[in-house]
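Novice: next input, structure requested:
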Amino acid sequence: MCTHEKIQAQDRQMHDNLKVQKGRGFLKRASLVDREDAFNYNFDDFITQPNSKEATAKHDARLIAGYYLKYSDKKGNSLFYGNAGAGKTHLAMAILNAVNDNAEPMQKCLFLSVNKLIREMKNWFSDKTCIWSPKHVTDVVKAADLVVLDDLGAESANSEATSFVQDTIFDIYESNQKIITTTNLSMDELYRTYHARLVSRMQEGDKSRVIDFTKIADKRSRI
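Specialist: Just a heads-up that it's a prediction; the model follows:
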């Protein structure tokens, strides 16, 4: 009997481990990042000075993480826009890690570097062994509970995004209504680069989940 109970306990533990790997492991397994160390970004290592613009951005990002944790069944996008190097990617991934580590029931989190995504999709058109087909993109976005779409605008060398990029990004917003978008573009630049309906989708939700980084200097230049 003891052996039987031990085997059952081991089976339950294996089942729980597989469940965690399938849920919380989705972030690393399914994401596209420019740098692997981005997976380690969290709130604790986002260093700020008291009463600074950075501290305010960090505080607001924490509130957004709390919203996605508490209201897992509600939809609503977030938008981080402004200067390069101001910490948008760091805080967006910190939100994903907070939700990924603490949500009960588990939520599948996904991080997509837009620039890398577009490159991978273009590779698929010439090499069908690549996995990042348009269908795979929409499937993986639909499977996620919370998505970060990082560095929107970096994929558009000119001031206007191509039709392919516009359609791809729009399909992503159609596939999931809980997306955190980060971009180095200002609001005016966003409207010049993308269709107005796309920019509207980025902000679809509570206005408190739009964070302006335009007054925060490049943190990387101070390291």
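
Novice: test my guess that Tyr41 contacts Ile95.
Specialist: No. The criterion here is C-beta atoms under 8 Å, and Tyr41 misses it with Ile95 at 9.5 Å. For every residue, glycine as well, the C-beta is placed using N, CA and C.

Novice: which one of those two is surrounded by more residues?
Specialist: A count of neighbours by other C-beta atoms under 10 Å puts Ile95 above the other of Tyr41 and Ile95, at 26 against 21.

Novice: got phi/psi on that one?
Specialist: Per-residue torsions, Ile95: phi -60, psi -50 (degrees, to the nearest 10).

Novice: so who does the residue nearest to it when sequence neighbours are not counted touch?
Specialist: The shortest distance from Ile95 to any non-neighbouring residue, by C-beta to C-beta, 6 or more residues apart in numbering, is to Ala65 (4.3 Å). Listed by C-beta atoms under 8 Å, 6 or more residues apart in numbering, the contact partners of Ala65 are 43, 94-95, 98-99.

Novice: relative to Gly85, how far out is Ala65?
Specialist: The gap separating Ala65 from Gly85 is 21 Å, by C-beta to C-beta, to the nearest Å.

Novice: can you list contacts of stretch 188-207?
Specialist: With C-beta under 8 Å, 6+ apart as the test, stretch 188-207 has contacts from 67, 75-79, 81, 152-153, 156, 159-161, 166, 169-170, 173, 177, 179, 181, 183, 185, 187, 210.

Novice: buried set for that stretch?
Specialist: For stretch 188-207, burial by neighbour count (16 or more other C-beta atoms under 10 Å) applies to 190, 193-194, 198-199, 201-203, 205.

Novice: of the residues you listed, just say which sits nearest to Lys28.
Specialist: Met202 (25.2 Å; C-beta to C-beta).

Novice: of the contacts of Ala65, just say which sits nearest to Lys142.
Specialist: Closest to Lys142, out of all of the contacts of Ala65 and judged by C-beta to C-beta, is Val99, at 17.5 Å.

Novice: does that closest one count as helix, strand or coil?
Specialist: Assigned with DSSP: H, G, I helix; E, B strand; the rest coil, Val99 falls in the helix class.

Novice: contacts only, for it.
Specialist: Applying C-beta under 8 Å, 6+ apart, the residues contacting Val99 are 65, 68-69, 107, 109, 145-146.

Novice: just to revisit the earlier point, which among the contacts of stretch 188-207 count as buried?
Specialist: Buried by 16+ other C-beta under 10 Å: 67, 77-79, 81, 152-153, 156, 161, 166, 169, 173, 179, 181, 183, 185, 187, 210, out of the contacts of stretch 188-207.
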